[in-house]
Every structure is written in structure tokens, then in C-alpha cells.
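1. here's my sequence, what's the structure:
(chains A, B, C and D)
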Number of protein chains: 2
Amino acid sequence: MSEKRTSKREDLRLRVLDAASQLIAEQGLQGLRARDIAERAGCALGGLYTVFADLDDLILHVNSRTLGDMEKTLTEAAAVRGDAPPFEVLALAYLGFARQKARLWSALFEHRMPEGVAVPDWHLQEHVFLVGLIIQPLSAILPDLSQEDLVIRAKTLFAAVHGVIALSLDNRYVGLPSTALEDEVRALARALAAGIRAEAG
Amino acid sequence: MSEKRTSKREDLRLRVLDAASQLIAEQGLQGLRARDIAERAGCALGGLYTVFADLDDLILHVNSRTLGDMEKTLTEAAAVRGDAPPFEVLALAYLGFARQKARLWSALFEHRMPEGVAVPDWHLQEHVFLVGLIIQPLSAILPDLSQEDLVIRAKTLFAAVHGVIALSLDNRYVGLPSTALEDEVRALARALAAGIRAEAG
DNA sequence: ATATTTTTTGAACGATGTTCAAAAAAGGAG
DNA sequence: CTCCTTTTTTGAACATCGTTCAAAAAATAT
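-> Numbering: from 1, shown residues only, chains lettered A, B, ... in the order given. Prediction:
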């Protein structure tokens, strides 16, 4: 019977994934060590490499789960909003997620593949929903733009808001004080929307 | 005589700094290895630790030099502009620098201190010029804002532009195609300026 | 010249990710 | 239940890091 085998395998895989996710949430991506993961997952060190190719592969799957979580959060926020301005709702929901899952969210952008190794396609695909969420309200303002240009503009909007949040939550160099962040994100979303409207009008 | 001694020390320190800077520029921060630095600097492995506390300290000093380089570039760009819109000039100069010194520029934001260790103050101070460059044109548009609020808003503007450039040059996930980047940065700077003016008006 | 101090060296150490031969467990046949 | 085969799990061993430090080399002083 291969059923029990695969189910045990899946069980180990999930335990390892959980352990890695917890450890990142607790200590950040930097402090992640293979031996800690194995210990928390309740398996030997080598066990990790029977269910994931290496630590990068494992981190990719942690990030995949975080992205799924984020997709759910943002999609719900976009659905719930009444007549609130869509860019502000999305930006503030993004800020909320980043704050609540700070270290897991940071790991999404801190992690790098080794030199010369590309991020696998299945994981790149998981990011498209972000652009999709923004394109929807954007195309209402800029109905004449081609789909290609809409994608470009949506990515710009996301990256601008992301930049403010990322630099602030890292609170290094050019970060904002935590109290000002929410106001600034709202103001930025508003300014961007106004700027786009002016351009379109 | 302690003069010759300190001069030899300074010479080694500079050779190590140059070697590290070159290696980061060639292979990125991730591929930086102490043994490679020592080899290129022409000293033994332990030599590094006689002129820098550890690799983090060395990287901090490489970043310090990169920041100085950036300050010079941006300050000149701001001085040269005729009647061109100031935010666009600064944003495009920042993009130009990021593109020309891609890996050194990336290292500024990729590098993290070990868990629990703060970035030293002398290095934090080196970033204030960035805010200063933006505050100048910003205060012309928003003359009623307090200095504190001006700083906050300037940081937001910087972070927004930085976000677009950083995500694109990393060209992962949500990055823009290289051809669109310049147009988008310009459009973003324009939209932000317009948004601020609308808010002030 | 010789002694003392300073500088430079690179072998050694501890920590890390990864591998793989061997042990343990599971499954199948008689 | 016992023996054999296959699969799974293990953790010691390995390669590669950053870092240290006793000893060698060089510089300086006497």
C-alpha cells in the first residue's frame, strides 16, 4: 500500500513546513537554522531533505503559504469595503497584514535565491493576484489604457505603497515612526489616486 | 615612530575596503566571502579582523562609501537642474544611480545586522541627506507644515520611489520591465507632486 | 647586535547546510 | 510467526563559512 507511505510523507512535510513557518515568525528569516527546524518538526536533520530539496525550497513554500494568507486577507478587504476609496482600502489592508505577520511578510522580500538560481515559475505565478486586485479599481479610472499598461501601472502603485511600508517596518534608515505610518499610507494612496485621475482627466 | 605604522594600517584598511567593494559590485552582497576579500586585498585571512571588527562592520563601511557616492550624484543632479520639476529630477537621478551601481546600491538595503544588533549611529546619520534633498522642494509646496511633518512626508516620498525602483531592479515578483521603469518613475514623481499640491491647495 | 614590541599570519575552532551509508521500520511471502 | 526485500529514517561525516589567537615575522628601540 502506498497510501500510508504518502500520507506519512505528507505528514512530515507539513510538520517541517509548520516548524519553519513558526521559526521564521518567531525569529525572522535570518535566524532560521536547519537543526532547529528538524528539532521542532520532530525528525532527524536529514529528514528535511527527504521532503524539501534544500532550505531555499522550504522557504519558498513558507512564502507560498504566507502569500496565500495575504491573498485571502486582501481579497476579503476589497470585497467588504462599502463606498470607501479602493486604493486606500487595499493599501491599509496591506499595511495591516504586514504589521500582523511582520516577520513572515518580511521573509517574502528578504529571501534571495543563490546567485544564478531563478525563482521557480510556480512561485512567481502566485504573485499575480496582487496586480489583479489593483487593476480592478485602476481600470475604472483609466478605461482607455491597454491591459499591458494597466499591469505596469498597477505594479507601480503596489511598489510605491510597499516601499513606504517596507522601509518603515524594517525601521532602518529612512523609516517612518510607527504612529505616522498609517496616516502616510492613506495619504499616499490618496495622492496616487488623485494623480492618476488628473492624468486621465 | 607611529606614523609609518598607522599609515600601513590605513593602507591595509583601504585595500580591504576596496576589495570588498569590488567583490560586492561584481558578485553581489550574497556572494561576499572573507577569504576572497583577503586574497584580493593581498593579506592573510586574519588581516581583515585587524582593521574591521567583522564582516558586518566592513559591509557597513562599504555602504558608507556607496552612500557618499550617492549623495554626490544626487546633490549634483539637484544643483544642475534648470526649471525641471524637482521631484522628477531627484527620482530619475536616483534611478540612474541605482542602475549604474546596481549591486552596491542593492547592498545598502539587503544588508541586515545580526538579530538584536543595532546599526551604529554614525551610519544612520549618513542617511539624513536623502531626506534633506527632498525637504527643500517639498517645503516650497507645503510651507505651512511643521519641520517634523516635512520630514515624515519627505521620507514617504523617498520610500515610494525607492519601492518602485527596488522591486523592479531586483526583477522578481512585482517588478516592472526595464523599458517601462523610467517612464513609471517619472509618472510617479509627477503624480506625487500633483497629489501634494492638491492636498496643499 | 640584541632585545622588545608590534604586526601579520594561517592553522584551528565552532557553526552551518547538505549528503549518504547504515540502521530501523514496514511490507510481503511462505 | 519467520525470513527476506524494500522503504524510510537516522545522525555521523563532510565541505564551507566567519572568526580567533598562538606563534612567526617584521619593525623598533637599546
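2. low-confidence stretches in chain A?
-> A:1-6, A:201 (pLDDT under 70).
3. what distance do you get for the most centrally placed residue in it to DNA strand C?
-> Nearest to the mean C-alpha position of chain A, counting by Cα atoms, centre = their mean, stands residue A:67 at 4.6 Å. Residue A:67 sits 21 Å away from DNA strand C, going by Cβ to the nearest atom of the strand, to the nearest Å. Using the backbone N, CA and C atoms, a C-beta is placed for each residue, glycine as well.
4. same deal with residue A:180?
-> 36 Å.
5. cool, residue A:88 as well?
-> Counting by Cβ to the nearest atom of the strand - residue A:88 and DNA strand C are separated by 40 Å.
6. confirm for me that that residue is in contact with residue A:191.
-> No: counting by Cβ atoms under 8 Å, residue A:88 sits too far from residue A:191 to count as a contact (10.6 Å).
7. in chain A, what residue is nearest DNA strand D?
-> Going by Cβ to the nearest atom of the strand, DNA strand D is nearest to residue A:46 of chain A, at 1.8 Å.
8. is that residue in a helix, a strand, or coil?
-> Here residue A:46 is helix, with the state taken from DSSP: H, G, I helix; E, B strand; the rest coil.
9. give me the neighbour count for it.
-> Residues near residue A:46, counting by other Cβ atoms under 10 Å in any protein chain shown, number 9.
10. could you do residue A:108 as well?
-> 21.
11. same check on residue A:103?
-> 19.
12. what residues does it make contact with?
-> The contact partners of residue A:103, by Cβ atoms under 8 Å, 6 or more residues apart in numbering or on different chains, come to A:24-29.
13. which helix or strand contains the closest residue to chain B within chain A?
-> Per Cβ to the nearest Cβ, residue A:163 is where chain A lies closest to chain B, at 1.8 Å. Per DSSP states H and E: residue A:163 is located in helix A:147-169.
14. angle of the next helix or strand after that helix against helix B:147-169?
-> Downstream of helix A:147-169, the first helix or strand assigned by DSSP H and E is helix A:178-200. Interaxial angle, helix A:178-200 versus helix B:147-169 (axes from the mean of the first three to the mean of the last three Cα atoms, to 10 degrees): 70 degrees.
15. how about residue A:151, what does it touch?
-> A:131, A:135.
16. find the nearest non-adjacent residue to the residue of chain A closest to chain B, please.
-> Spatial nearest neighbour of residue A:163, chain neighbours left out: residue B:163 (1.8 Å); criterion: Cβ to Cβ, 6 or more residues apart in numbering or on different chains.
17. burial count for that neighbour?
-> 23.
18. kindly report the same for the one 5 residues further on.
-> Here the neighbour count serves as a burial measure; for residue B:168 (other Cβ under 10 Å) it reads 24.
19. is it correct that it is in contact with residue B:178?
-> Yes: Residue B:168 is within contact range of residue B:178, at 7.5 Å (criterion: Cβ under 8 Å).
20. is residue A:117 in a helix, a strand, or coil?
-> coil.
21. residue B:30 versus that one, what's the distance?
-> Separation of residue A:117 from residue B:30 (Cβ to Cβ, to the nearest Å): 11 Å.
22. ditto for residue A:93
-> For residue A:93 relative to residue B:30 (Cβ to Cβ), the value is 32 Å.
23. so for those two, which sits in the more crowded spot?
-> residue A:93 (20 against 14).
24. mind listing what that one touches?
-> A:73-74, A:77-78.
25. which element is it on?
-> Counting by DSSP H and E, residue A:93 is found in helix A:86-100.
26. next one: the residue of chain A closest to DNA strand D from residue A:32, what distance?
-> Taken as Cβ to Cβ, the span from residue A:46 to residue A:32 is 17 Å.
27. how about residue A:197?
-> 44 Å.
28. outline the domain layout of chain A.
-> For chain A, the domain assignment from automatic domain parsing gives the residue ranges A:1-52, A:64-200.
29. please identify the most buried of those domains.
-> Highest mean neighbour count of those: domain A:64-200, a mean of 17 (counted as mean count of other Cβ atoms under 10 Å in any protein chain shown).
30. and it, how far apart are its ends?
-> 36 Å (Cα to Cα, to the nearest Å).
31. quick one: name the residues of chain A near DNA strand D.
-> A:5, A:8-9, A:12, A:43-47, A:49-50 (Cβ under 7 Å from any atom of the strand).
32. in CSV: these, plus distance to DNA strand C.
-> Listed next are the residues of chain A next to DNA strand D as CSV, based on distance: Cβ to the nearest atom of the strand, whole Å:
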residue, distance to DNA strand C
A:5, 6
A:8, 8
A:9, 12
A:12, 13
A:43, 11
A:44, 8
A:45, 5
A:46, 3
A:47, 8
A:49, 4
A:50, 7
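33. one step back: measure the residue of chain A closest to DNA strand D to residue B:182 for me?
-> Counting by Cβ to Cβ - residue A:46 and residue B:182 are separated by 49 Å.
34. same question for residue A:144.
-> Applying Cβ to Cβ to residue A:144 and residue B:182 gives a distance of 22 Å.
35. ditto for residue A:82
-> Residue A:82 is 38 Å from residue B:182, by Cβ to Cβ.
36. what do you get for residue A:138?
-> Taking Cβ to Cβ as the measure, residue A:138 falls 20 Å from residue B:182.
37. next one: residue A:22
-> 42 Å.
38. residue A:181 now?
-> Distance from residue A:181 to residue B:182, by Cβ to Cβ: 29 Å.
39. re earlier: pick out whichever of the residues of chain A next to DNA strand D sits closest to residue A:152.
-> Top of the list for closeness to residue A:152, among those and by Cβ to Cβ, is residue A:49 at 40.3 Å.
40. give the next helix or strand downstream of the helix holding residue A:93.
-> Next along from helix A:86-100, by DSSP H and E: helix A:102-110.
41. phi first, then psi, for residue A:172.
-> Phi and psi for residue A:172, reported as degrees, to the nearest 10, are phi -110, psi -180.
42. that one: what's it in contact with?
-> Contacts of residue A:172 (Cβ under 8 Å, 6+ apart): B:119, B:124.
43. thought residue A:195 was touching residue B:192?
-> Yes: applying Cβ under 8 Å, one finds residue A:195 in contact with residue B:192, separated by 6.6 Å.
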